[in-house]
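# Provided below for reference: sequence and predicted model.
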Amino acid sequence: MTESLIRVLRDGATADRMEAARALAALGPAALPGLLAALEDPDPRLRMWAAYTLGMIGDQGAVPALISALEDPDPGVGRWAAAALRRIRDAAGGCGCRFC
């Protein structure tokens, strides 16, 4: 199921991609392996959607890959990775500094 949803993230229309992202997020941590692999895909659009969806899931296990994605050659991927990291941080109750 995860593979078919990731194919939609790669090739679907925008509305279909949004639905696939929601469905993957509903799978929670079970979707992590496929999404983490998608962050390495040659297609920057798929990498952006993978980062977006990882943010929706909010699992700390995605943090190392998202940090690496901050350096992606496509600036859109870096922006979505930063947004995903913020969402994961916020879901965890902050980063631990005295300001969060």
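Happy to help now that I have it.

# For the lengthiest helix in the chain, report the contacting residues that lie outside it.
When the chain is parsed with DSSP state H, its longest helix is helix 75-91. Residues from elsewhere that reach helix 75-91, judged by C-beta atoms under 8 Å, 6 or more residues apart in numbering: 44, 47-49, 51-52, 54-56, 58-60, 62-63, 66-67, 69-72, 95, 100. In short, each C-beta sits where N, CA and C put it, glycine included.

# What about these, which are in helices?
Per DSSP H, the subset of these in helices is 44, 47-49, 51-52, 54-56, 63, 66-67, 69.

# What is the nearest of those to residue 31?
Nearest to residue 31 among those is residue 54, at 8.6 Å by C-beta to C-beta.

# Could I get the pLDDT score of that closest one?
With respect to pLDDT, residue 54 has a value of 97.

# From residue 39, how far off is the residue most central in space within the chain?
By C-alpha atoms, centre = their mean, the mean C-alpha position of the chain lies nearest to residue 51, the distance being 2.3 Å. Applying C-beta to C-beta, to the nearest Å, the value for residue 51 to residue 39 is 7 Å.
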